[in-house]
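Asks: Predicted model follows, preceded by the sequence.
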Amino acid sequence: MPKLFCSHDALPPGFRFEPTDEEIVFQYLASKTLSRPLPALIVPEIDVFAMDPWQLPGDLEQDRYFFCNEMSMSRTRKLTCTGFWKSIDLLKPIICPSRMPMFGVKKTLVFYKEKSRRATRTNWFIHVYFIALAPNKPRSNQHFHKSLVRLGKWVFCHVFSKSNGIDMSKKVSEQETSDADSSFSDSESSTS
C-alpha cells in the first residue's frame, strides 16, 4: 500500500490542486485505470468508505482527493465507525467527444452520523467518479445507469465539507423529515 500523504503537502508553494471533472476522469482516473503514468503523483490510495470523513488525511478545511478500490465502493451501505455514506442524486455523465465511447460518471454522496438508530445529515460530501462504456445510447437519464459497463477497479473520490455559513445538519427520520425542512426554512428567513 502506498504511503499516505496529503496531496497538498506534495505540491510546490503557490500551486493548488483543483481539477475539473474532465481532468479528474480523463487525465487521472483513465491513467490509473489503464495502468498508465499519472500526470502527478499527488493522489493517494485509501479506502475512503472505511473511515469517517474527518479521519481522512489532509487539511479538513480543504478539498481532498483520493483513489479508492471499487470493491469498497460496491458495498450496499458504506458504513464507517460513526455513520454511513448515502447517495443523494442521479449519476451525471462526464463526456469528452475525443474519448468516446469511454466516458466518466459522477455520483454524489453525503455523510450521515448515526447515533441511537437516528441518522443526522452532516455537511460532508463526496463526489465519486468512475470510468464506463455505454454500449447503447440511453434514451433518457433514468435509463442511463442501466446501460453502463464499468471499466477497471478504481474510483476517484473528492471529499469536502460544505459549510459556507449554512447549517446543513438535519435530523432524518420518517416523522421529522417535513419538520426539519420547515424549521430550516424558518430559521433561514428569520436571519435575513
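Replies: Here it is on my side, so go on.
Asks: quick check, Ala30 in a helix?
Replies: Yes. Applying DSSP: H, G, I helix; E, B strand; the rest coil, one finds Ala30 inside a helix.
Asks: Name the nearest residue to it, sequence neighbours excluded.
Replies: Distance criterion C-beta to C-beta, 6 or more residues apart in numbering; nearest residue to Ala30, sequence neighbours excluded, is Ile131 at 6.1 Å. Quick note: C-beta positions are derived from backbone N, CA and C, even for glycine.
Asks: Tell me the strands beside the strand ranked longest in the chain, with direction?
Replies: In the chain, taking DSSP state E as the definition, the longest strand is strand 118-133. Here strand 118-133 is paired, per DSSP bridges, with strand 102-115 (antiparallel), strand 149-161 (antiparallel), strand 170-172 (antiparallel).
Asks: how long is stretch 15-27 from one end to the other?
Replies: Between the opening and closing residues of stretch 15-27 lies a distance of 18 Å (C-alpha to C-alpha, to the nearest Å).
Asks: ranges for the helices of the chain?
Replies: 21-23, 30-33, 70-73, 141-144, 177-191 (DSSP state H).
Asks: who touches Leu133 in this structure?
Replies: Pro101, Met102, Phe103, Leu148, Val149, Leu151 (C-beta atoms under 8 Å, 6 or more residues apart in numbering).
Asks: May I see those organised as CSV, with pLDDT and distance to Lys78 added?
Replies: Shown next, in CSV, are those (pLDDT from 0 to 100; distance: C-beta to C-beta, whole Å):
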residue, pLDDT, distance to Lys78
Pro101, 78, 29
Met102, 79, 26
Phe103, 85, 24
Leu148, 76, 19
Val149, 80, 23
Leu151, 85, 21
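Asks: Would you mind checking these for buried ones?
Replies: Met102, Phe103, Leu148, Leu151 (16 or more other C-beta atoms under 10 Å).
Asks: Can you tell me which of the residues you listed is nearest Gly83?
Replies: Among the buried ones among the contacts of Leu133, Leu148 lies closest to Gly83 (C-beta to C-beta), at 27.8 Å.
Asks: Make CSV from the contacts of Leu133 and add distance to Tyr112 to it.
Replies: Below are the contacts of Leu133 laid out as CSV (distance: C-beta to C-beta, whole Å):
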residue, distance to Tyr112
Pro101, 36
Met102, 33
Phe103, 30
Leu148, 26
Val149, 30
Leu151, 30
